[in-house]
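Visitor: Okay, sequence plus prediction incoming.
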Amino acid sequence: ETADLRAYKSRIDPDGRFNKGKLLPGGDLGRAYTPSFNLLGHESLIMQQSDIGTISGAIKDCLRCGKCKPVCATHVPRANLLYSPRNKILATSLLIEAFLYEEQTRRGVSLRHWDEFGDVADHCTVCHKCESPCPVDIDFGEVSMAMRDLLRRMGKKRFNAGTAASMLFLNATNPETIKLVRKGMIEWGFKAQRLGHQVLKALAKPQVQAPPATTGKPPVREQVVHFVNRRMPAGVPKKTARALLDIEDRNYVPVIRNPRSGSSDAEAVFYFPGCGSERLFSQVGLATQAMLWHVGVQTVFAALQDRSLRVSWKRELRDPLNEIFAGDAYAPIRAEFHAIHQRVLKGRVWVALHMHAGDGNVHTNIPVNSDDYLMLQEANAAVARIMKIARDLGGVISGEHGIGITKLEFLTDEETADLRAYKSRIDPDGRFNKGKLLPGGDLGRA
C-alpha cells in the first residue's frame, strides 16, 4: 500500500533528507519528528503518575497576558526577555513536551533538558508577587518550588555553592548558627566583595553599561565580573532584628506593645519581617516596629506571609472549605464549590492588549464564550470603555488592521467619509464587503 509513495519519495529525495527513514523499511519512532497518536495513552499515564502532571496543571491556564512581568524581580529586559513568569511558563510547557516525547520514544530524558528545567526553576525569588496581578491565580513561586522539589527528589538538581550558602543563611533557625554564618558571609564576605569592586571596577564597567545575555551558565570570568560590578553596602547592622529585640527563643510567640498606649485588646498585627529586614537590614524591621509601637498597635511575630487584599481560591479558600465540609456526606457541597469556581473562571472577561513598541498601535483581544450571554454583554461594555479611553487619551480608533464592524459604531460619519468616498470610487457596484462602512451597513451583510 505504501510502495508507490516510497517509490516517489526515493525518486525526488534519493538521499533521504526529508523525514529520514519514514515509510521506509526499518523506519520507526527513533527518527520521527512527532510521536504517534497511538502513544497518547502512554503520555496520559506519564502525566498522571508523576509530578510533571501537577506542574503542567498549575500553569495550563496561563493567558500569556504578561501582567506578571512588571512585578517580577528576575525580569530584566536589558539582559534578556526569558525570565518573566509568563516566559518561564512557556519554557516549562515546552520542556514538559520534550520530557513526554523523549519518554514516549524511549530515548531517555536528555540531561540538557533537566539542566534547562533547573535553570527556569532557579530564576525565581519565590516572592509570590506574580500571583496578585495574574487573572487566573497562577503563582509561579509555588510552581518553581515544585520544580525544584522534583529535581531534588530525582537527583537531577545541580549543586551551586552560592545557592547552598544563601539557603543555609536564610533557613538557619539556631541563633548561634545565624551569628556564625552572618560573621563569615555578611561581615567578612561583604568586605572582600567591596575590595574586589575597588580593584576590578574598571573591568566591570562595560558589563554594567550593557549586561550580557544571562541564558545558561556564564563563563567564570563573567561570573567574577558580575560579582564585583556593584559594591555591596557597608555599615550593615551587626545583629538580626530578632537578636536586637531579644526575641530569638522559639519556644514562645513574642507580642510587642506599648504598655502606656496599648492594651491586650488593642488592634494586633501579625508581622513577618522577611529575609532582608530580618537577616540583613534589621534597621528596616526596627523602624517598622517603632512606628507600630507609637500608634499603639500590638505586634505578633509569627512566620506568616504578608497577604494582599486579593483572595486566592487555591491558597486561601479551597482547603479551609474542604476541611469544614469534610466527609462523604458533604461531597455534593464540595462539588458545588468547585463548579461555582469553574463558572466564575469561565465567565470572567479578560482584556489582552498587544502593543507595538514605537508606532503606538494597541491591539485589543477579548476572548469570550459565545454560549454565555452575560459574558458577551460584559465584553461589549468593555469594548465601549476601551474606545472611550482611546479617545480620551487622544488616540484614534482605526488601527493598522482597518476599521471593522466592531469599531464602526464608535466612529463618526466625518471620520469615515474619506474611506467611503475612496471605496465608492474603486468599487462603485459595492461588490467587496457589500454595505460595509456605508449608511445602513450592519452585521446582516457582513
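Guide: On my side now, so go ahead.
Visitor: What residues does the most centrally placed residue in the chain make contact with?
Guide: Taking CA atoms, centre = their mean as the criterion, Pro85 is the residue nearest the geometric centre of the chain, at 2.2 Å. Neighbouring residues of Pro85 by CB atoms under 8 Å, 6 or more residues apart in numbering: Cys68, Lys69, Cys72, His75, Cys130, Cys134, Ile138, Phe140. Where you see a C-beta, it was placed from the backbone N, CA and C, and this is true even at glycine.
Visitor: residues near Val255, how many?
Guide: By other CB atoms under 10 Å, 13 other residues sit near Val255.
Visitor: any idea how far Asp246 is from it?
Guide: 14 Å (CB to CB, to the nearest Å).
Visitor: How about His341?
Guide: Per CB to CB, His341 is found 46 Å from Asp246.
Visitor: Now Leu63, what are its backbone angles?
Guide: With angles defined as degrees, to the nearest 10, Leu63 sits at phi -90, psi 0.
Visitor: who touches it in this structure?
Guide: Pro135, Val136, Trp350, Ala352.
Visitor: just the helices in the stretch 251-400 of the chain please.
Guide: For the stretch 251-400 of the chain, the helices defined by DSSP state H, counting those that start in this stretch occupy 274-275, 282-294, 318-324, 331-347, 373-392.
Visitor: Please tabulate the ones you listed in TSV, including the columns distance to Pro237.
Guide: TSV is the format used below for these (distance: least, CB to CB, whole Å):
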stretch	distance to Pro237
helix 274-275	14
helix 282-294	5
helix 318-324	38
helix 331-347	46
helix 373-392	48
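Visitor: Nearest to Arg231 among these would be which one?
Guide: Closest of the helices of the stretch 251-400 of the chain to Arg231 is helix 282-294, at 19.0 Å (criterion: CB to CB).
Visitor: Which other helices and strands does the closest one contact?
Guide: Secondary-structure packing of helix 282-294 (3 or more CB pairs under 8 Å, 6 or more residues apart in numbering; DSSP states H and E): helix 241-245, strand 255-256, strand 268-271, strand 298-301.
Visitor: one step back: looking at the contacts of Pro85, state which has the most neighbours.
Guide: Phe140 (30 neighbours).
Visitor: okay, and the helix or strand of the chain with the least pLDDT?
Guide: The weakest-scoring helix or strand in the chain, judged by mean pLDDT, DSSP states H and E, is helix 40-48 (a mean of 55).
Visitor: Check which element follows that one along the chain.
Guide: Using DSSP states H and E, the helix or strand that follows helix 40-48 towards the C-terminus is helix 51-59.
Visitor: Give the other helices and strands that that following helix contacts.
Guide: helix 40-48, helix 85-104, helix 140-153.
Visitor: can you list the weak-confidence ranges in the stretch 201-350 of the chain?
Guide: 211-217, 250, 252, 261-266, 272-277, 302-312, 315 (pLDDT under 70).
Visitor: Show the buried residues in the contacts of Leu63.
Guide: Pro135 (16 or more other CB atoms under 10 Å).
Visitor: Give me the subset of the contacts of Leu63 lying in strands.
Guide: Taking DSSP state E, the ones among the contacts of Leu63 that sit in strands are Ala352.
Visitor: Out of the helices of the stretch 251-400 of the chain, which is closest to Ala98?
Guide: Closest to Ala98 of the helices of the stretch 251-400 of the chain is helix 331-347 (CB to CB; 28.6 Å).
Visitor: Against Gly162, how distant is Ala192?
Guide: Distance from Ala192 to Gly162, by CB to CB: 14 Å.
Visitor: For stretch 376-383, give the mean pLDDT please.
Guide: For stretch 376-383, mean pLDDT rounds to 84.
Visitor: buried ones in it?
Guide: Glu378, Ala379, Ala382, Val383.
Visitor: Tell me how many other residues surround the residue lying closest to Gln283 once chain neighbours are set aside.
Guide: Excluding its sequence neighbours, the residue lying closest to Gln283 (CB to CB, 6 or more residues apart in numbering) is Pro237, at 5.8 Å. Neighbour count of Pro237, defined by other CB under 10 Å: 17.
Visitor: Wait, a helix at Pro237?
Guide: No - counting by DSSP: H, G, I helix; E, B strand; the rest coil, Pro237 is not part of a helix but coil.
Visitor: Now for it: which residues touch it?
Guide: Taking CB under 8 Å, 6+ apart as the test, what Pro237 contacts is Leu244, Phe281, Ser282, Gln283.
Visitor: hmm, which two among those are most spread apart?
Guide: Farthest pair in the contacts of Pro237, by CB to CB: Leu244 and Phe281, 11.8 Å.
Visitor: More neighbours: which of the two?
Guide: The residue with more neighbours, out of Leu244 and Phe281, is Phe281; 19 against 16, by other CB under 10 Å.
Visitor: Pretty sure that one sits against Gly235.
Guide: No - contact between Phe281 and Gly235 fails when scored by CB atoms under 8 Å: they sit 10.1 Å apart.
Visitor: ok, now how distant is Ala73 from Ser132?
Guide: The value you get for Ala73 to Ser132, if CB to CB is used, is 14 Å.
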